[in-house]
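*Asks:* structure for the following, please:
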Amino acid sequence: MTDEQDKPAETSPAESVRPPVVAIVGRPNVGKSTLLNAFARSRIAIVEETPGVTRDRVEVLCTLADRTVEVVDTGGIGIVDMQGLDADVEDQVAAALQEADCVLFVVDAREGRTPLDERVAHLLRERTDNVILVANKVEADSVTWNLADFATLGYGEPLEISAKERINLDTLEERIEPHLPEGLITPPKLPPPEMKLAVVGRVNAGKSTFVNAMLEDDRMIVSEIPGTTRDSVDIRFRRDGDVFVMIDTAGIRKERAVHGSVEFYAQRRAEKAMRRANVTILMLDASVDVGRLDRQIAGYAVKHFQPVVVVANKWDLCEEAGITQKEFANYLDKVLPGIPFAPVVFASALERKNVDRVLEVARGLHEQAQTRVSTAEVNKLLEAAYARRKPRPKQGRIGRIYYGSQVDVAPPTFTLFVNETYLFQPSYIRYLGNRIRQAFPMAEVPVRIFLKQRERSPSKNLKGPR
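*Replies:* Just a heads-up that it's a prediction; the model follows:
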């Protein structure tokens, strides 16, 4: 890091000032997640007519009133959670309230005031200066609302909105603006982070514990109950002056074990998180055998050419059992054959051991994925690789490479011009990919190779059999 980077005064306003925080609170199923999605203009939080779908805080950077604002969706207050996490959910709500500059107290205009609404009002009683009462679900004219009844909650007449139909959201933004701190100037859009990390793995592998350890904060709900995290949660954080985004995802489970649309969409979002991340952190519970599902997750990352850090979590338990790192690495080579080039970090999220090492390795992979190689270097490598090993003949013909070049990064992507694409077996393409990784500074990331058929060009033909 340079001396200039070490000077706090020279950091950009976007990196030196945290955006104002707007927290959305209320009892279960009043439309909090729908409102978050409306602000974000994207389907970020899972919306389902099931109380308790949102458990962790879901934070999204949005532009409200020409300001960059962090909108926080919270779990329903008063939820009766089937998995016994109601107290954890309310702890997350309390943490969101502590950070919030403005609180949106959402009620259901159709159902009217309920005892749980009164419980929320009691929780917010000491925050009357920055609470906006919002009556959601006013999209149906045929419904009769008793909005005056909500005034007894102590926050005046509610603002009528429909998050689903985007009714009165402009007015809501105008109500929010006076609550935002004066003097904090943030740009309409924050600069992109240096790197996005998707934390994926089977249920109960320790993903949320790892995220909390990385952030040094009890940010995610941690429980021994599988499937605690349902949304894919983006968390922006700073380390050594650089900004990163950590995406904690729902635990991926066997398809036949997925019950209901909530878990189905949670898994799809975990897969989407892997596709939009720069690096995937594959979290393994090192104390149990690697299974088919772990291989499936690894294969999904490789299929989408994602750099992968394999984290052998709960390594303290393996050490107690006398297992060495070398033994476990050899074991992974056998049971995870699809990513032999992926680095392995032995960690204990619970004890916060080697957590920073994971970030360090991930940054190295991100740099490798950005590597560019000159066309001359590529063709020199291809000529040597072809001379060492040629494709197997097919129908009396053999594949020939005329020339190649790198056409993209992240992942490093190469286009090879050949005589006939069908003459190159998948095994040979893997061979070329391995040679490319070995020759250039991209040894631990997947590379993508495209074959393009063209007429033979003698001036550019690599040496090979006629």
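*Asks:* ramachandran coordinates for the residue nearest to E157 when sequence neighbours are not counted?
*Replies:* Closest residue to E157 apart from its sequence neighbours, by CB to CB, 6 or more residues apart in numbering: A151 at 5.5 Å. All C-beta spots, glycine's among them, are computed from the backbone N, C-alpha and C. In terms of degrees, to the nearest 10, the main-chain angles of A151 are phi -60, psi -20.
*Asks:* what about A151, distance to L116?
*Replies:* Distance, A151 to L116, using CB to CB, to the nearest Å: 17 Å.
*Asks:* ok, V199 next?
*Replies:* 33 Å.
*Asks:* the two: who's more crowded?
*Replies:* V199 (31 against 18; other CB atoms under 10 Å).
*Asks:* show me what contacts the more buried one?
*Replies:* Contacts of V199 were listed using CB atoms under 8 Å, 6 or more residues apart in numbering, and they are K207, F210, V211, M246, I247, D248, T249, I281, M283.
*Asks:* quick one: it is in a strand?
*Replies:* Yes: per DSSP: H, G, I helix; E, B strand; the rest coil, V199 lies within a strand segment.
*Asks:* test my guess that I398 contacts K390.
*Replies:* Yes: between I398 and K390 there is a contact under CB atoms under 8 Å: 6.2 Å.
*Asks:* where in the stretch 151-300 of the chain is pLDDT low?
*Replies:* Residues of the stretch 151-300 of the chain meeting the criterion pLDDT under 70: 183-191, 217-233, 250-270.
*Asks:* which stretches of it form strands?
*Replies:* Counting by DSSP state E, counting those that start in this stretch, one finds strands in the stretch 151-300 of the chain at the ranges 159-160, 195-201, 233-239, 242-248, 279-285.
*Asks:* do you know which of the ones you listed lies nearest I176?
*Replies:* Closest of these to I176 is strand 159-160, at 10.3 Å (criterion: CB to CB).
*Asks:* doesn't Y300 make contact with E271?
*Replies:* Yes: contact criterion CB under 8 Å: E271 and Y300 qualify, at 6.3 Å.
*Asks:* of the contacts of V199, closest to P441?
*Replies:* Using CB to CB, the contacts of V199 come closest to P441 at I281, 21.3 Å.
*Asks:* next, count neighbours for that closest one.
*Replies:* So I281, with other CB under 10 Å, has 30 neighbours.
*Asks:* is it in a bridge, and if so with what?
*Replies:* Listed by DSSP bridges, the beta-bridge partners for I281 are V199, V309.
*Asks:* likewise for the one 4 residues further on?
*Replies:* Per DSSP bridges, residues listed as beta-bridge partners of D285: N313.
*Asks:* identify the bridge partners of the residue nearest to the spatial centre of the chain.
*Replies:* Geometric centre of the chain, nearest residue: I247, 2.7 Å, by CA atoms, centre = their mean. Taking DSSP bridges as the rule, I247 bridges to A198, D234.
*Asks:* ok, now how distant is it from E216?
*Replies:* Going from I247 to E216 by CB to CB gives 18 Å.
*Asks:* repeat that for N354.
*Replies:* Applying CB to CB, the value for N354 to E216 is 15 Å.
*Asks:* who's more crowded, those two?
*Replies:* Set N354 next to E216 and count neighbours by other CB under 10 Å: N354 wins out with 19 against 10.
*Asks:* tell me who's in contact with the more buried one.
*Replies:* Taking CB under 8 Å, 6+ apart, one finds W315, V345, F346, A347, S348 in contact with N354.
*Asks:* and for L104?
*Replies:* Contacts for L104 were tallied using CB under 8 Å, 6+ apart; they are V22, A23, I24, V25, L35, V131, I132, V134, L172, I176.
*Asks:* which helix or strand contains the fifth one?
*Replies:* In this case it means L35. For L35, the enclosing helix or strand under DSSP states H and E is helix 32-40.
*Asks:* just the mean pLDDT for that helix, thanks.
*Replies:* Averaging pLDDT along helix 32-40 yields 85.
*Asks:* compute the inter-axis angle for the following helix or strand past it and helix 32-40.
*Replies:* Sequence-wise, the next helix or strand downstream of helix 32-40 (DSSP H and E) is strand 58-64. Angle, strand 58-64 to helix 32-40, by axes from the mean of the first three to the mean of the last three CA atoms, to 10 degrees: 40 degrees.
*Asks:* now for strand 58-64, which elements pack on it?
*Replies:* When contacts are defined as 3 or more CB pairs under 8 Å, 6 or more residues apart in numbering; DSSP states H and E, strand 58-64 packs onto helix 32-40, strand 67-73, strand 233-239.
*Asks:* and the ones you listed as JSON lines, adding distance to M442?
*Replies:* Shown next, in JSON lines, are these (distance: least, CB to CB, whole Å):
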{"stretch": "helix 32-40", "distance to M442": "35"}
{"stretch": "strand 67-73", "distance to M442": "35"}
{"stretch": "strand 233-239", "distance to M442": "24"}
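*Asks:* how about those in JSON lines, adding mean neighbour count and distance to Q406?
*Replies:* As requested, those are exported to JSON lines (neighbours: other CB atoms under 10 Å; distance: least, CB to CB, whole Å):
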{"stretch": "helix 32-40", "mean neighbour count": "24", "distance to Q406": "36"}
{"stretch": "strand 67-73", "mean neighbour count": "23", "distance to Q406": "36"}
{"stretch": "strand 233-239", "mean neighbour count": "18", "distance to Q406": "30"}
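*Asks:* of these, which is nearest R372?
*Replies:* strand 233-239 (26.1 Å).
*Asks:* contact partners for the closest residue in space to R357 that isn't next to it in sequence?
*Replies:* Counting by CB to CB, 6+ apart, V345 is the residue found nearest to R357 once chain neighbours are left out, at 5.4 Å. Applying CB under 8 Å, 6+ apart, we find V345 in contact with V309, V310, V311, A312, N354, R357, V358, V361.
*Asks:* can you tell me the strand partners of the helix or strand V345 falls within and which way each runs?
*Replies:* Element membership for V345, per DSSP H and E: strand 344-346. Take DSSP bridges as the rule and strand 344-346 pairs in its sheet with strand 308-313 (parallel).
*Asks:* the inter-axis angle of the strand it pairs with versus strand 279-285?
*Replies:* The directions of strand 308-313 and strand 279-285 differ by 30 degrees, with the same axes, to 10 degrees as the criterion.
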